[in-house]
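**Q** Provided below for reference: sequence and predicted model.
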Amino acid sequence: ILTSGSPILWPDFSLLFAIARAGADVVADEMCSGTHQLYHPVVVDEWTTRGLIRAGADRVILPCTCPCFADNQGRTDRLRQLIGQYGIQGVLLHTLRLCQIYDMEVAPLQQQLQAWQLPNLAVRTDLGSGDTAALQNRIEAFVELVSATLPPKT
């Protein structure tokens, strides 16, 4: 499973726990709090204080695919890269109720994922455990759907 969207914030890891309890693994993420910080190296083009600050700022801002900072195409490109790189079998689009920008991008991303014939699920959560049971049911159904689309083992 690839997770994408709003951050998963401490101490509420119910989404990740639900995925694990359903028997699936999160192998990659494209979340504003996730691994995007790891794939963009610092590139210093000028060894001055100003150049070092610019390189550090670029390192923090450029890899972010949050809709606040990047267009939808950048996020779609990153999703496609991760799907190919990690053999993703399903995408979970996560939105916190307070993050309307990610919420607005769910429909276009779902259309793109459907065009790629990749199972996907959009979930909206709160910062709390009030929706844990419903979330668990939806995640389990999604994992079953993903499992049903896999080719049979030989």
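**A** Received it, and whenever you're ready, just let me know what you need.
**Q** count the residues that sit near Val44.
**A** The number of residues packed near Val44 is 13, by other CB atoms under 10 Å. (C-beta placed from N, C-alpha, C; glycine too.)
**Q** do the one 4 residues further on as well
**A** Applying other CB under 10 Å, we find 9 residues neighbouring Thr48.
**Q** bridged to Leu121, which residues?
**A** Taking DSSP bridges as the rule, Leu121 bridges to Leu92.
**Q** tell me the pLDDT at it?
**A** On pLDDT, Leu121 comes in at 93.
**Q** before we move on, what about Asp71?
**A** Listed pLDDT for Asp71 reads 62.
**Q** show me what contacts the closest residue to Val91 other than its chain neighbours?
**A** The spatially closest residue to Val91, leaving aside those adjacent along the chain, is Asn120, at 4.4 Å (CB to CB, 6 or more residues apart in numbering). Counting by CB atoms under 8 Å, 6 or more residues apart in numbering, Asn120 makes contact with Gly90, Val91, Leu92, Leu93, Leu109, Gln110, Leu113, Gln114.
**Q** which parts of the chain are strands?
**A** 2-5, 28-31, 91-96, 120-125 (DSSP state E).
**Q** now those strands as a markdown table including distance to Thr132?
**A** Output for these, formatted as a markdown table (distance: least, CB to CB, whole Å):
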| stretch | distance to Thr132 |
| --- | --- |
| strand 2-5 | 17 |
| strand 28-31 | 19 |
| strand 91-96 | 14 |
| strand 120-125 | 9 |
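**Q** for Thr95, give its distance to Ile83.
**A** Look at Thr95 and Ile83: by CB to CB, to the nearest Å, they are 20 Å apart.
**Q** ignore the last one, Val123
**A** To Ile83, Val123 is 19 Å away according to CB to CB.
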